[in-house]
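*Asks:* got a sequence here, can you model it:
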Amino acid sequence: MSTLGGYFPGQIIGPAFDVEFYLSKTEAGASETPVEEDFWLESVEWMESQGAEVITSSLIYKPFDLPHNQYSYKDMNGKTTVIVRAAELAAKLGVVMVNSMGNESQTNPPSIVSPPDGENVIAVGAVDSAGRIAYFSSNGPTSDGRIKPDVVAMGVDVYAAASYSFTYDTAGYSYVSGTSFSGPLTAGVCALILSVHPELTPAQVLEALKMTANKKDSPGNVYGWGLINAYEAALYHGMIISNQPEITEAGDNRIISISVLSKNSIVTESVKMFYSMNGGEFTEQQMFLAERSGESNSGRYTATVPFDVRTENVKFYFKASDDKESRTAPYMAPARFFYFDQETKKLVVF
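*Replies:* Predicted structure coming up:
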């Protein structure tokens, strides 16, 4: 989990370090039996009912302990196994489904397992720091001829939190390997994409990953569409505005900073903050490009206001435009807006 959402500056910062988690255990001890697919299905059903937007798993099923019936390669068609049918249904309900590709190595016939065989399951293989496929990473295609994995991510010598005892009273960090780490890293990127583009469907999130990966022009059954690129994937569907403004003190004033990034040219005079005090109408405040990033007027924009926004009677949002679209932060503002929660002492979105 630390690879996905850990946050310990100087040690580890996951791509989705500020998310909320639901955790579920579906493995039945040391055995490998079909009932575990049922447990996994129930877990996904529960998480979807709680509003989970991304579900990631490193569990795979193909062989079971004897005397149970076994899945074979012909069953790896995205339609047969219990677990893949559950995953496909969750994706249709709007959940981004991510699964590790498996550690069955590169084989012929292909070593693909389930649920990575799902058409709407983002199957993630593993590469090392040089971008080379890990020897253990499973390969496709599916039995009905679709390319798998979809993408790859770092899965060799990944820095992660670790417990050094069965009592969990000692902990630290270590280097670990497996698609069990490339999968969560990719799930974290999916959460990152949704944090700036919450309107996207699971299919659009997958498209963003594929079309910004490094082998998108020649996908295959070893690397899929290639190594993911979190920054490019976040920008694939258009301009983004940071969803957590920074607030700094400047005497009696407050400096509000946001990042506005786009592949297209940002109209600098369009970047504005809107605030309301004591339930009144929103007031417009021009923001200025304080720190440029790239050539499209992307960068850090600031506004100075003569009051503390961290009071219970202030709500605010941001708006910006490039030469193709306009966006707000939070998404769908002013129906939604930022305010300071007096109990948690954090900026939240209403």
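
*Asks:* leaving out chain neighbours, which residue sits closest to L235?
*Replies:* Excluding its sequence neighbours, the residue lying closest to L235 (CB to CB, 6 or more residues apart in numbering) is K263, at 5.6 Å. For glycine as for every other residue, the C-beta is placed from the backbone atoms N, C-alpha and C.

*Asks:* show me where this structure has helices.
*Replies:* 2-5, 35-49, 82-92, 179-196, 202-211, 230-235 (DSSP state H).

*Asks:* quick check: buried residues in stretch 43-56?
*Replies:* By neighbour count on 16 or more other CB atoms under 10 Å, the buried set for stretch 43-56 is 43-44, 47-48, 52-56.

*Asks:* and it, what's its mean pLDDT?
*Replies:* What stretch 43-56 shows for mean pLDDT is 97.

*Asks:* ends of that stretch, how far apart?
*Replies:* Stretch 43-56 has an end-to-end distance of 11 Å (CA to CA, to the nearest Å).

*Asks:* now do it: distance to the chain's middle.
*Replies:* Distance, stretch centre to chain centre, for stretch 43-56: 14 Å (CA atoms, centre = their mean, to the nearest Å).

*Asks:* check stretch 25-43 too.
*Replies:* Per CA atoms, centre = their mean, the centroid offset for stretch 25-43 relative to its chain is 25 Å.

*Asks:* hmm, who's touching that stretch?
*Replies:* Residues from elsewhere that reach stretch 25-43 (CB atoms under 8 Å, 6 or more residues apart in numbering): 24, 57, 59, 61, 63-65, 68-69, 81-83, 86.

*Asks:* ok, T179 touching Y135?
*Replies:* No: with contact defined as CB atoms under 8 Å, T179 does not count as touching Y135 (11.8 Å).

*Asks:* wait, the residue nearest to L235 sits on S296?
*Replies:* Yes: K263 lies in contact with S296 (CB under 8 Å); the separation is 6.6 Å.

*Asks:* re earlier: winner for burial among the helices of the chain?
*Replies:* helix 179-196 (a mean of 26; mean count of other CB atoms under 10 Å).

*Asks:* elements contacting it?
*Replies:* helix 2-5, strand 54-57, strand 96-100, strand 121-127, strand 151-154, strand 158-163, helix 202-211, helix 230-235 (3 or more CB pairs under 8 Å, 6 or more residues apart in numbering; DSSP states H and E).

*Asks:* picking up where we left off before, common neighbours of K263 and S296, please.
*Replies:* Counting by CB under 8 Å, 6+ apart, K263 and S296 have no contacts in common.

*Asks:* closest to S114 among the buried residues of stretch 43-56?
*Replies:* The shortest gap between S114 and any of the buried residues of stretch 43-56 belongs to V44, at 13.6 Å (CB to CB).

*Asks:* residues in contact with that closest one?
*Replies:* The contact partners of V44, by CB under 8 Å, 6+ apart, come to 55, 86-87, 90, 95.

*Asks:* for the stretch 101-250 of the chain, which spans come out with low pLDDT?
*Replies:* 164-170 (pLDDT under 70).

*Asks:* so what's E207 up against?
*Replies:* Y236 are the contacts of E207 under CB under 8 Å, 6+ apart.

*Asks:* make 698 the starting number, not 1.
*Replies:* Shifting the count to begin at 698 puts that one at E904.

*Asks:* and the end-to-end length of stretch 905-923?
*Replies:* By CA to CA, the extent of stretch 905-923 from end to end equals 12 Å.

*Asks:* can you list contacts of that stretch?
*Replies:* Taking CB under 8 Å, 6+ apart as the rule, stretch 905-923 contacts 803, 807, 819-820, 822, 824, 828, 830, 834, 836-838, 844-849, 883, 886-887, 890, 897, 924-926, 929-931, 933-934.

*Asks:* mind doing that once more with 6 Å?
*Replies:* 830, 836-838, 844, 846-849, 890, 924-926, 929-930, 933 (CB atoms under 6 Å, 6 or more residues apart in numbering).
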